[in-house]
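**Student:** I need the structure of the sequence given here:
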Amino acid sequence: MQNENVADVIIIGGGMSGLSAAHELAKVGLSVAIYEKSDNVGGKMRNYYDEQGKYLGEHGFRVFTGRYFNTLALFDELGIRNNLQASSANHYLKDCMISCIPAKNNFSGIKTLFKNFWLKFKNLGIKDFLGYISAVKKIIKASQLSTKDLDVLDNITIAQYLEIDKYPPFTRSYFHRTCRFTNAIDINEGSIFCLAQQTGSFLSEATRFGGKGFLYSLTSPTTEAFINPWINELNRLGVKINKNKTVREIICTDDKKQVKSIKLEDGKLLHAKCFIIATQLEEAIQLAPGINQAELLINSHKIFSGIQFHLKESSTNKLPKGSGIHSLLDSPWEISLAHQDKGMWPDYKFSEDFDSILSIVITCWLEKGIKIKKSALDCNREELIEEILFQINYHKNFSIDPSSIVRWYIDPTLLYDKEKNKFVGSSSKLYCPRVGEYKHRPDSVTPIDNLFVCGEYTKTVYQISSMESANESGRRAAKATAKYLGLDTELIKIYE
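**Tutor:** Next comes the predicted model:
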């Protein structure tokens, strides 16, 4: 069995948190090696290409808020801030737009916010509108409480805090859906602390008047706009990225106080001074069982992924132009979509055989559809596509002519059982925090002296699962690693 010293720090996993940890550690002069089991790094952010290098699709679409301090700082450091553009977010019912979040907090943005309230007043009726205003006021009040109240707020569900059963039916449904769409939180499971934190961030951003963005999207596919420039910088810093390398085991000393090495699938043993687990939770638990009660979070991971349609321009298609995320609130599968055309991806050269990409995320995989009468998880591929098109065309603001679809591409992280002819799960689920879980989320430091952990499920200031929480967790793991090795941790910045 081969033994090899490969670096000062070995990082298992090349997603957002692993890349973030590697970046910070390399900047303080440590040698770093990443071991990624798949054929590319980037995790949930990466794109997929065919053998000829043609873009196929990605794991949903990327949205950045103005409060992604660590992520935006990374964009500035890489010199790619121009690869972001201000983006809007809109919510729809079958017959109308019901909500809109402005792209920027300038005069135009203020007009959009007033439009947001007018749309609700016009389409909800006075009873539901007043219910909506009352609930928003309670959430704002929660957002003004300090972190000292975390223990209390984290143990109260959103539904309990709002006393949601007192509100009219649509108000209840509206908050349930919007929380799922925007925060990956179920109001009956998620704590009010998570929603209050998001609301506080939004209000704080809204007061910084001057044309800054509330939301941002990328100007081209994620790999091209973000991942590739980042990898170029990691290469410049000497980070070794090893793809298609599965780590099977972490080997500790007899007293379980130190990691000695990791074992790859081929049996090779690799040594380092420190080790960071930056995988998804299920893999982290397999590699290091019992780390800070992380097993208690396993049932809070859900499927958030979907499909991309490559479209030819059609006069019968009714799709939004320009950058923006659009959520269909009364879609049973809670569909969100982004139309990635020249207006949203001005820097991308589209293929000759299609003019735009409609990127679709299904939030709720367990509810029955309208036409097929099955949950998304119980559908075969053709049924999934048929039901998605039906639910989109069900809304008068949207229309897709099936003949304009050149091809479709289903997220490859979705697991498909060919014998049962249905979907059975996902290899890349999203952590959806539930009430009372914050105390169980692991810190970056573990009981094993030279082993650290990072990922969206770990303890971070930004609690919602996102690129920001993953980036922050990677920085925290890097800071803890540098401290253990006696280095100056002030060089590793965490923006709060």
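**Student:** roughly how far apart are N40 and I187?
**Tutor:** In this view, N40 and I187 are 36 Å apart by CB to CB, to the nearest Å. (C-beta placed from N, C-alpha, C; glycine too.)
**Student:** okay, these two: which has more neighbours?
**Tutor:** Using other CB atoms under 10 Å as the criterion, N40 and I187 rank with I187 on top: 22 against 17.
**Student:** give the contact list for the closest residue to the more buried one other than its chain neighbours.
**Tutor:** Distances taken as CB to CB, 6 or more residues apart in numbering put I158 closest to I187, at 4.0 Å, once the chain neighbours are dropped. The contact partners of I158, taken as CB atoms under 8 Å, 6 or more residues apart in numbering, are 164, 175, 179, 185, 187-188, 190-192, 195.
**Student:** Kindly format the C-alpha coordinates of stretch 81-94 as CSV.
**Tutor:** Below are the C-alpha coordinates for stretch 81-94, written out as CSV (Å, rounded to 0.1, in the frame of the first residue of the first chain):
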residue,chain,number,x,y,z
ARG,A,81,-17.5,41.7,-10.3
ASN,A,82,-18.5,42.7,-13.8
ASN,A,83,-19.8,39.1,-14.3
LEU,A,84,-22.7,40.0,-12.0
GLN,A,85,-25.7,42.0,-13.1
ALA,A,86,-28.6,43.4,-11.0
SER,A,87,-31.6,41.0,-11.2
SER,A,88,-35.2,41.1,-10.2
ALA,A,89,-37.5,38.4,-8.7
ASN,A,90,-41.2,38.1,-9.4
HIS,A,91,-44.0,35.9,-8.1
TYR,A,92,-47.0,34.9,-10.1
LEU,A,93,-50.5,33.4,-9.6
LYS,A,94,-52.4,31.8,-12.5
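**Student:** what about that stretch, average pLDDT?
**Tutor:** Mean pLDDT, computed over stretch 81-94, is 87.
**Student:** go on, stretch 472-481?
**Tutor:** Averaging pLDDT along stretch 472-481 gives 98.
**Student:** Run through who's touching it.
**Tutor:** With contact meaning CB under 8 Å, 6+ apart, stretch 472-481 is reached by 9, 16-25, 30, 70, 274, 276, 278, 443-445, 452-456, 458, 460-462, 489, 492-494.
**Student:** any idea how far A225 is from the residue nearest to I187?
**Tutor:** Applying CB to CB to I158 and A225 gives a distance of 34 Å.
**Student:** do A135 as well
**Tutor:** Counting by CB to CB, the gap from A135 to A225 is 37 Å.
**Student:** just how off-centre is stretch 162-169 within its chain?
**Tutor:** 29 Å (CA atoms, centre = their mean, to the nearest Å).
**Student:** start to end distance for that stretch?
**Tutor:** 14 Å (CA to CA, to the nearest Å).
**Student:** Let me see the mean pLDDT of stretch 231-251.
**Tutor:** 96.
**Student:** which parts of that stretch are buried?
**Tutor:** Using 16 or more other CB atoms under 10 Å as the burial criterion, the residues of stretch 231-251 that qualify are 231, 233-234, 237, 239, 241-242, 245, 247, 250.
**Student:** Redo these as a markdown table? Include distance to M97.
**Tutor:** Shown next, in a markdown table, are those (distance: CB to CB, whole Å):
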| residue | distance to M97 |
| --- | --- |
| I231 | 39 |
| E233 | 40 |
| L234 | 42 |
| L237 | 46 |
| V239 | 45 |
| I241 | 44 |
| N242 | 48 |
| K245 | 48 |
| V247 | 48 |
| I250 | 51 |
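**Student:** so which of those comes closest to S375?
**Tutor:** Distances from S375 to these, taken as CB to CB, are shortest for V247 (34.3 Å).
**Student:** So what does the closest one look like in phi/psi?
**Tutor:** phi -90, psi 120 (degrees, to the nearest 10).
**Student:** so how far is G15 from M467?
**Tutor:** For M467, the distance to G15 - CB to CB - is 10 Å.
**Student:** just to revisit the earlier point, check the contacts of I158 for burial and list the buried ones.
**Tutor:** The buried subset of the contacts of I158 (16+ other CB under 10 Å) comprises 164, 175, 179, 185, 187, 190-192, 195.
**Student:** So which of these belong to helices?
**Tutor:** 175, 179, 192, 195 (DSSP state H).
**Student:** Among those, list the two that are farthest apart in space.
**Tutor:** Across these, the longest distance by CB to CB is 11.5 Å; it joins F175 and I192.
**Student:** Overlap of the contact sets of the two?
**Tutor:** With CB under 8 Å, 6+ apart, F175 and I192 have common neighbours 158, 162.
**Student:** Would you mind identifying the helix or strand in this protein with the lowest mean pLDDT?
**Tutor:** helix 107-124 (a mean of 68; mean pLDDT, DSSP states H and E).
**Student:** Good, we can wrap up now.
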